[in-house]
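Asker: after the sequence you'll find the predicted model.
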Amino acid sequence: MTATVEPEIGRARLRKEDARLIAGRTRWTDNLTLPGLLHMAILRSPMAHARITAIDVTVARKMSGVLAVFTGADLADEQGSLPCAWPITEDMKSPSAPSVAVDRVNFAGEAVAVVVARSAYEAADALEAIDVDYDELPVVLDMEAAVAEGADLVHEDLGTNTSATWVFDSAEAGTGSDVEQAIAEAEVLIERTYRQQRLIPAFMEPRSVVVDPTGEQFTMWSATQVPHILRVMLAMTLSVPEHKVRVIAPDVGGGFGGKLQVTPEEVLTFLVARRMGKAVKYTETRSESILAAHHGRDQLQKLTLAARRDGTVTGLKVELLADMGAYLRLVSPGVPILGAFMFNAIYKFPAYRFVCTNVFTNKTPTDAYRGAGRPEATFAIERLMDELAAELGVDPIEVRERNWIRHEEFPFTTVAGLTYDSGNYEAATAKAKELFGYDALRAEQRERRERGDSVQLGIGTSTFTEMCGLAPSRVLGSLSYGAGGWEHAAIRMLPTGKVEVVTGSSPHGQGHETAWSQIVADQLGVPFEDVEVLHGDTQSSHKGMDTYGSRSLTVGAMAVVRAADKVKAKAAKVAAHMLEASEGDVEFEAGAFRVRGAGATAKSVSIQDVALAVFAAHDLPDGVEPNLDSEATFDPENFSYPHGTHLCAVEVDTETGRVDVRSYVAVDDVGKVVNPLIVEGQVHGGLAQGIAQALFEEAVHDESGTLLTGTFADYLVPSAADLPTFTTDRTETPATSNVLGVKGVGEAGTIASTPAVVNAVVDAVRHLGVSDIQMPCTPMRVWQAIRTGQTDAGGLGNEAGGGLGSIDSSGGAR
Amino acid sequence: MIPAAFDYVAPSSVDEVVRELAAAGDEAKVIAGGQSLLPVLRMRLAAPAKLVDLGRIPELRGVRDDGDAIVIGAMTTHYEVQRDPLVREHASLIALATDTVADPQVRHRGTFGGSLAHADPAGDLLAPALALDAELVLSGVDGRRTVPAGEFFTDIFTTSMRQDEILCEVRVPKRTGWNAHYEKFNRVAQAWSIVAVAAAVRTEDGTIAEARVGLTNMAATPLRATAVEQALVGQPATTEAITAAAQHAAEGTSPSVDGNADLEFRQHLARVLTSRAVSAAVGA
Ligand SMILES: Cc1cc2nc3c(=O)[nH]c(=O)nc-3n(C[C@H](O)[C@H](O)[C@H](O)COP(=O)(O)OP(=O)(O)OC[C@H]3O[C@@H](n4cnc5c(N)ncnc54)[C@H](O)[C@@H]3O)c2cc1C
C-alpha cells in the first residue's frame, strides 16, 4: 500500500526543481554545445529611424573565424514578417516586421546584420568591422505628437502613426448606460492623466537560441515561454512544414512575458542555421536584452470618473494612447485591450467607456509584461479611487466599500461584460487592515503632520482584482485573437506504477513540477515522489499553449485533472476485473480500488497493481486496450478572478524626496491553494516588480531615440535590500469555475502593488499640495512635487495632476 | 559581452609593472579588481592591447601603521578595508564610506587603489581621501613620488598619474578620536552616489574644533566644502549650528546632471546631506 494519506494539495512543499535551478545544475540553452556549433552575433542599429544607404561587410567576412555575414538584403526573401497574432480591429495597420532590417531601421537596437563565426568571440569582433551608412529620418518618440496632425511618420507607407483604435462602450454593448450622460450629470468629476512608463522585463536568463538543422527535423532550443506557439509560428511564417520543426524550451530562467514572443533572434538563428547547414547558437548580452527584447507598459491614460457627492461612482471614461513601439509583435496590440475589462475593477460602475489608440513610435516594440494591460488599468482605477476619497474628504477604504461588489452579490456581471464567479472583498480588506494596524498608522500620520515632521507617513490602498487564466477560446475569438486558450495534458502510467505527466504549459520558474506532482499525487493516490512532470519539448509535450497570463494552474492543471480522471476510469475497468466485481461496484480511494462498502480490510488493488496488470496485458477484460495513458484538453469557461487588498505605508523624507516603504501588507484571495509556498513566492516576486514600477524602473530615451537606461546601473531593478519585509496572508474564496477552486496568482502581486505604493506616496504629501507624482516616484520628482505643491498651496490644490499638462518633463505635480 | 582581444601579463614586482607600462605606451592598462575596468572592456568603450595585472604583487596589499599615518596598499580590497582595525581606528571615514560601496561581491574584488585611480566622480572613496588629506604614492620608471589627493584628481576619470605610473599605496594621516560619517544618497542599495558627503569632525567639549568635509559627485573631481568647514569651526555641535553651516555646501560646486538629479536638486542635496553627515558624525 503506497497511497498517500495526507492530501498533497495545500502542503507547503519545497519545490523539487529548485535544487537544480538554484545550483545551476541544469542545461540552460546557452549551456548547450553541439558538434561543430557555430556562433551568431547581431549588429544592431544605433539609430532610431534611418534609411540604410550602404552596408560594407567585406572586412568582416575576411576576419579570422568568420564564416558568413548576412545583411537584410541577403535574407529578405526568406525572412518573412514576424507574426502578430492579435489583429484587434479589422482595419488595424500592421507594418511588415523584418527580423533583420532591409533598407530602413525603425528603432535603435533593430538588427541590421548578423555574423556567423566559429566562436562567439570571433563573431563579436567581426561586428566592429561592419560599416553601415545611415541616412537619418525624423524620430517619432512622443505618443501625443505621433497622433497629432502632420506628425512625422514611423512607417511612411502606412500614412499614419495610429495602428488601431479599439472601443468598448457599455451603452453600445448593453452592459451599462451612457458614460457621457453620467459625466454630464456628475456631482463630482475626477479628471486625471496618468502615465504608465515604459518598463523592461529584465528576466534573469538572457534570451538564447540554438538551432540544429542537421537532423530530419530542425530542432530549436530556445529560452522561451512559448515553445508550442513558437513552433506553429515558425511554420506559418518561414515556409517550413510544422512537422519538420521541433522546439525545446529547456529550463528557462524567467520571462515575465518578456519571453512570450516569436523573436527576430529566433528567426535569424533558424535562417542562418538553415543556410549554413550547421548548428548555430545565439545568446544575447544583457545590454542587447535591455535594448532589443520587447518592452512593457507605456501608456498615457486620460481618465474621467463621475460620482455622486455620497461617493457612489456613476461612470468611468478611459482614453488611452498605447505605445506599440516600431512594430507589432506577437500580442502587442492586445495588451492594452486586456486592460479594457479591468478599469472598472471591483466597483459597480453603471456606465463605462474605453477607447484605446495604439500608436507607433521609433522605439523597441512593446508587448506582454507581467500583468499585461491589467496593471495599467488597476493603477488607474485605484489611483482614481484615492483621488475621489480625497476630493470627498473620506477615508479611501470607505469610498471603495461604498462601491465594491458585496460578497453576496456573486456571481456578478460587470459593466465590462465579465462575470466574476466569486470573491469576498470585505473579508480580504478586514484582514489586511488588521494586519497592517490601519488605525494606528493613520493616527501616527496625523501626529506627524501636526508636528510638521520632515519625514511624513503615507498610506496607500489597492483593492484589486484581475482577470487571468487566459483564456476561454470563445472570448479570445470575440477579441480577434489568433488562437484558442485551451491547455493540454497527458498522463502516462508506467509499468512500475510511476507516473509521467506531460503538460502543455511551459514553466520558466513557476514550479509546475512540484505543483503538478502534488495534484496528480492526490488524484491518483500515488506518492508525490513518483510523479515526473515533462514539459517544454514539442516532441514529448506535443500539444500546448504554454505559460503566460497566470494560466498554468487554472487552465493547464485542469487538463491534468481531467487526464487523471480518464486514467482512473480506464483503471476502474481493469480493477473491477481483478477484483472479480462489476465496474459499478468498485470505488477508488487513496490510490486503491475496492468493492464499495466492503470495508477497509477487504481486498483491494492499487493503481500501481493495475498499471502492472495492464503492462502485462495477460488478463484484461474483453475489449479493453492495454493502456491507461490518457490525455485531456481543457478549455476554460471563464477567466479566473483573484483579488485582494494591499496596504502600503511609506515614509517620505520631505527634505530629499526619498521614499522608503515601511510596511506592506498583501492579503490575496487566490481561491484554494495547491502549494502555499509557491503562492507566497509568486506574491513576493510580484510585489517586487510592482513596487519597482512605482519607485524605481523606467526606460528613458533621449531625443534621438537612444535608450539611456541601457544597463542595470541606469535601469534600476530593486533588490531585497531596497524592499521591506512583506506581510502576506490570504483569504480563501474558492473559484466556482474549476474543480479545484483555484485562481491564478502569477501576476496578482504586480498588478496590485503599484497603485498601493503611489497612493501611499501621494498620501504622505497630499497636505503639502500634491495630488500626483509621476512614476517612478524618484526622489527628485517627489521633492519637486512637494516644492511645487507648497508654492501653489491654496492655489491649484486638488486640481493638480489633472489634464495632459501634468505630464511635464520633470514629472512633478502642477 | 565580449571584450576585444588583449594580451595579459601578471608581473610579480612593481618594477616589472612599470617597465611593461613604459614599453607598451598607450596600449597597456593595469587591472586591479577589474570591477570598473572589465565593464568598460566588455562594452568595448576601451580596447587596450595589454592588461597588466597587479594581483600578484603582495606588497601592494594590506594596511600598515606608519607612525602618524596609516598606509593602505592600493590592492587592498574594499572588503579588507572595511574590516581593517587600523583603518577603523585612525581613518574611520574611509571604512564607513567603503561600507556603502556596491555589494559584497564587488567589495571582495574591487580595490581601494583601483577606486582612486579610476577617478569616477561618483566613486565613494575619493571624497574621504581628499577630506583626510591622503597622499598617494606613485611608482613609475623614474621612481617614486607622492602626490596629495588634492592634486591627484584632475578631471572626470582623470588623474595626474603618468602613463607609466601606478598607484602603490595611500598614506592617510591618523585622525584618531575624530568622529566621522559618510552620508550617501542613491536610489537602490548597490548604486553609486547621486551625491554623498564625507565628514570628519573633532569636537572639544561640545564645540567643533576641526572639521573636514568632502563632497562626492558635485563636480568632475571630489571637492572639499571649505566654506562649510570654516563655518563649522568654533560652533557648538548642535543641529541648528550645523544646518546653518551646511548652507554653504553647494558653493563652488559644478556637478554633472542626469535623470536622477538636476543641478538644483543636487545642490539642495549637498546642503541637506552635509548637515546630516556632520550631525551624524558628532551625534547631534
Ligand atoms: C555593480 C557595481 C557597483 C559599484 N558600486 C560602487 C559604489 O557604490 N561606489 C563606488 O565607489 N564604487 C562602486 N563600484 C566600483 C568599484 O568600487 C570598483 O572596485 C572600483 O571603482 C575600481 O576598483 P578595481 O580594483 O575594481 O579597479 P579596476 O576596475 O581593475 O581598475 C579601474 C581603473 O583604475 C586603474 N587602476 C586600478 N588600480 C590601479 C593602480 N593601482 N594604479 C594605477 N591604475 C590603477 C585601471 O587601469 C582602470 O583604469 C561598483 C562596481 C560595480 C561593478
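Answerer: That came through fine.

Asker: residue of chain B closest to chain A, please.
Answerer: Proximity of chain B to chain A (CB to the nearest CB) peaks at residue B:189, 3.6 Å away. Heads up, the C-betas are built off the backbone N, CA and C, glycines and all.

Asker: mind checking pLDDT for the closest residue to that residue other than its chain neighbours?
Answerer: Counting by CB to CB, 6 or more residues apart in numbering or on different chains, residue B:189 lies nearest to residue A:721, which is 3.6 Å off, once chain neighbours are set aside. The predicted structure scores residue A:721 at 94 on the pLDDT scale.

Asker: now do residue B:245
Answerer: The score at residue B:245 is 98. That number is its pLDDT.

Asker: residues contacting the nearest residue to it once chain neighbours are set aside?
Answerer: Using CB to CB, 6+ apart and skipping the chain neighbours, the partner closest in space to residue B:245 is residue B:231 (3.7 Å). Residues near residue B:231 by CB atoms under 8 Å, 6 or more residues apart in numbering or on different chains: B:244-245, B:248.

Asker: picking that back up, the residue nearest to residue B:189: what secondary structure?
Answerer: At residue A:721 the chain is in helix, as set by DSSP: H, G, I helix; E, B strand; the rest coil.

Asker: neighbours around it, how many?
Answerer: Per other CB atoms under 10 Å in any protein chain shown, the neighbour tally for residue A:721 reads 9.

Asker: for residue A:329, same thing?
Answerer: If you count neighbours by other CB under 10 Å, residue A:329 ends up with 27.

Asker: got the phi/psi numbers for it?
Answerer: phi -90, psi -160 (degrees, to the nearest 10).

Asker: which residues touch it?
Answerer: Residue A:329 neighbours (CB under 8 Å, 6+ apart): A:82, A:84, A:97, A:261-262, A:294, A:365-367.

Asker: any chance of these in TSV, plus secondary structure and pLDDT?
Answerer: TSV is the format used below for the contacts of residue A:329 (DSSP: H, G, I helix; E, B strand; the rest coil; pLDDT from 0 to 100):
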residue	secondary structure	pLDDT
A:82	coil	98
A:84	coil	98
A:97	coil	98
A:261	coil	98
A:262	coil	98
A:294	coil	98
A:365	coil	98
A:366	strand	98
A:367	coil	98
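
Asker: format the residues you listed as a markdown table; extra columns: neighbour count.
Answerer: Output for the contacts of residue A:329, formatted as a markdown table (neighbours: other CB atoms under 10 Å in any protein chain shown):
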| residue | neighbour count |
| --- | --- |
| A:82 | 22 |
| A:84 | 25 |
| A:97 | 21 |
| A:261 | 28 |
| A:262 | 27 |
| A:294 | 25 |
| A:365 | 28 |
| A:366 | 28 |
| A:367 | 28 |
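
Asker: and the two most separated of these?
Answerer: Spatial extent of those (CB to CB) is set by the pair A:262 and A:366 at 15.2 Å.

Asker: which bits of chain A sit near chain B?
Answerer: Residues of chain A lying near chain B by CB under 8 Å from any CB of the partner chain: A:120-121, A:124-125, A:128, A:285-287, A:655-658, A:696, A:700, A:708, A:713, A:716-719, A:721-722, A:778-780, A:783-784, A:810.

Asker: which of the contacts of residue B:231 tops the neighbour count?
Answerer: Counting by other CB under 10 Å, residue B:245 has the largest number of neighbours within those, with 24 neighbours.

Asker: show me which residues of the stretch 1-150 of chain B sit near the ligand.
Answerer: For the stretch 1-150 of chain B, the contact set with the ligand under CB under 6 Å from any ligand atom comprises B:29-37, B:54, B:74, B:101-102, B:106, B:110-111, B:113-115, B:117-118, B:123-125.

Asker: start and end of stretch A:63-75, how far apart?
Answerer: Distance between the two ends of stretch A:63-75: 21 Å, counting by CA to CA, to the nearest Å.

Asker: could I get the average pLDDT for that stretch?
Answerer: For stretch A:63-75, mean pLDDT rounds to 98.

Asker: what parts of the stretch 151-284 of chain B come near the ligand?
Answerer: Within the stretch 151-284 of chain B, the positions adjacent to the ligand are B:166-167, B:190-192 by CB under 6 Å from any ligand atom.

Asker: now intersect the residues you listed with the strands, please.
Answerer: Among these, the members found in strands (DSSP state E) are B:166-167.

Asker: hang on, residue A:417 in a helix?
Answerer: No - the assignment for residue A:417, made by three-state DSSP, is coil rather than a helix.

Asker: quick one: the closest residue to it other than its chain neighbours from residue A:485, how far?
Answerer: In this structure, residue A:417 finds its nearest non-sequential neighbour in residue A:175, 4.6 Å apart by CB to CB, 6+ apart. For residue A:175, the distance to residue A:485 equals 21 Å [CB to CB, to the nearest Å].

Asker: so which of the two has more stuff around it?
Answerer: Taking neighbours as other CB under 10 Å, residue A:175 and residue A:485 compare with residue A:485 leading, 22 against 19.

Asker: so who does the more buried one touch?
Answerer: Counting by CB under 8 Å, 6+ apart, residue A:485 makes contact with A:470-473, A:475-476, A:545, A:551, A:555, A:635-636.

Asker: what about 6 Å?
Answerer: A:470-473, A:476 (CB atoms under 6 Å, 6 or more residues apart in numbering or on different chains).

Asker: buried ones from these, can you make that a PyMOL selection?
Answerer: Paste this into PyMOL to select the buried members of these, with burial taken from 16 or more other CB atoms under 10 Å in any protein chain shown:
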select buried, chain A and resi 470+471+472+476
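
Asker: among the contacts of residue A:485, which pair sits farthest apart?
Answerer: The most widely separated members of the contacts of residue A:485, counting by CB to CB, are A:470 and A:473 (10.2 Å).

Asker: do you have the strands of the stretch 101-250 of chain B handy? List them.
Answerer: For the stretch 101-250 of chain B, applying DSSP state E, counting those that start in this stretch gives strands covering B:135-140, B:143-148, B:153-155, B:158-159, B:166-173, B:179-185, B:195-204, B:207-216, B:223-224.

Asker: pick the most deeply packed of these.
Answerer: Counting by mean count of other CB atoms under 10 Å in any protein chain shown, strand B:195-204 has the highest mean neighbour count of the strands of the stretch 101-250 of chain B, with a mean of 26.

Asker: what pairs with that strand, and is each one parallel or antiparallel?
Answerer: Paired strands of strand B:195-204, with direction, are strand B:179-185 (antiparallel), strand B:207-216 (antiparallel) (DSSP bridges).

Asker: could you point out the longest helix in chain A?
Answerer: Secondary structure assigned by DSSP state H gives helix A:557-578 as the longest helix of chain A.

Asker: for residue A:667, see how far away residue A:424 is.
Answerer: 11 Å.

Asker: so which of those two has more stuff around it?
Answerer: Between residue A:424 and residue A:667, counted using other CB under 10 Å, the more crowded position is residue A:667 (27 against 18).

Asker: quick check: pLDDT value at the nearest residue to residue B:254 once chain neighbours are set aside.
Answerer: With CB to CB, 6+ apart as the criterion, residue B:254 has its nearest non-adjacent residue at 5.0 Å, and that residue is residue B:219. On the pLDDT scale, residue B:219 is placed at 98.

Asker: count of neighbours near residue B:219?
Answerer: Residues lying near residue B:219 (other CB under 10 Å) number 17.

Asker: domain boundaries for chain B, per the record?
Answerer: Structural domains assigned to chain B are B:7-53, B:61-173, B:179-282, following automatic domain parsing.

Asker: can you give me the helices for chain B?
Answerer: Counting by DSSP H, chain B has helices at residues B:14-24, B:37-42, B:78-83, B:85-90, B:92-99, B:104-109, B:112-118, B:126-131, B:149-152, B:226-232, B:239-246, B:263-282.
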